[in-house]
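>>> Pasting the sequence and the predicted coordinates here, then a few questions.
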Amino acid sequence: MLDIILKLIEVSFWSGIAALGFGLLFNIPKNAIITVFALGFGAGFIKFLLMHFNVHVVLGSFLAAFFVGIISIPLAHKIHQPPVVFSIPPVIPMIPGYFAYETVLSIMNFLFMEGDASKRVHLIDAIFTNGFTMFFVLIALTVGVALPLLLLKKNSVKKIDI
């Protein structure tokens, strides 16, 4: 059990570092650095914790992005920065690069390398499985971050006391 918790904290730490790296790439203000790291850590923790309990990667990504969207709004008002400063960098590391890579690799194998019909059927399955997973994770990240920004109005968020 301790091994699982340590692994979860490790991947969450690296998610926070990646979020911080993207935040620095986008020139976030100095007073937002710790907040971006914490949101990246939290998003990574939620996503990988849910995936550990066999929740699908799409739902885990959505809930992690929704967490970032919800938390970034009151933090943005407290630190006097736009919510986008806090909501976008923590979500970028969750972009499904693995599924995109597997989709492209399966397409290349299907088109140029495989002549056996049964293996081509397997490659078609891999193309659609990985491609749709990638697509739905991207949609989940987009909706998860944007939904809180659309639902919570500026006046109602300022009434929240942190």
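Received, thanks. Numbering: from 1, shown residues only.
>>> So which other helices or strands are in contact with the lengthiest helix in the chain?
Determined from DSSP state H, the single longest helix within the chain is helix 117-151. Under the contact definition 3 or more CB pairs under 8 Å, 6 or more residues apart in numbering; DSSP states H and E, helix 117-151 sits against helix 57-79, helix 83-87, helix 97-108. Any C-beta I mention is one placed from the backbone N, CA and C, and that applies to glycine too.
>>> In CSV, list the ones you listed along with mean neighbour count.
Output for the helices and strands packed on helix 117-151, formatted as CSV (neighbours: other CB atoms under 10 Å):
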stretch, mean neighbour count
helix 57-79, 21
helix 83-87, 22
helix 97-108, 16
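>>> Out of those, which gets the lowest mean score?
Mean pLDDT is lowest for helix 83-87 among the helices and strands packed on helix 117-151, at a mean of 87.
>>> which helices and strands sit right next to that helix?
Against helix 83-87 (3+ CB pairs under 8 Å, 6+ apart) you get helix 33-52, helix 57-79, helix 117-151.
>>> among those, which is nearest E10?
Taking CB to CB, helix 33-52 is the member of the helices and strands packed on helix 83-87 nearest to E10, at 9.6 Å.
>>> With just CA atoms, put the closest one into PDB.
Extracted C-alpha coordinates of helix 33-52, given in PDB (Å, rounded to 0.1, in the frame of the first residue of the first chain):
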ATOM      1  CA  ILE A  33       4.400  29.700  -9.600                       C
ATOM      2  CA  ILE A  34       3.600  27.800  -6.500                       C
ATOM      3  CA  THR A  35      -0.100  27.800  -7.400                       C
ATOM      4  CA  VAL A  36       0.500  26.400 -10.800                       C
ATOM      5  CA  PHE A  37       2.700  23.700  -9.300                       C
ATOM      6  CA  ALA A  38       0.000  22.800  -6.700                       C
ATOM      7  CA  LEU A  39      -2.700  22.700  -9.300                       C
ATOM      8  CA  GLY A  40      -0.600  20.400 -11.600                       C
ATOM      9  CA  PHE A  41       0.200  18.200  -8.600                       C
ATOM     10  CA  GLY A  42      -3.500  18.000  -7.700                       C
ATOM     11  CA  ALA A  43      -4.600  17.300 -11.200                       C
ATOM     12  CA  GLY A  44      -2.000  14.500 -11.600                       C
ATOM     13  CA  PHE A  45      -3.000  13.100  -8.200                       C
ATOM     14  CA  ILE A  46      -6.700  13.000  -9.100                       C
ATOM     15  CA  LYS A  47      -6.100  11.500 -12.500                       C
ATOM     16  CA  PHE A  48      -3.700   8.800 -11.500                       C
ATOM     17  CA  LEU A  49      -5.600   8.000  -8.300                       C
ATOM     18  CA  LEU A  50      -8.700   7.400 -10.400                       C
ATOM     19  CA  MET A  51      -6.800   5.400 -13.000                       C
ATOM     20  CA  HIS A  52      -5.400   3.200 -10.100                       C
END
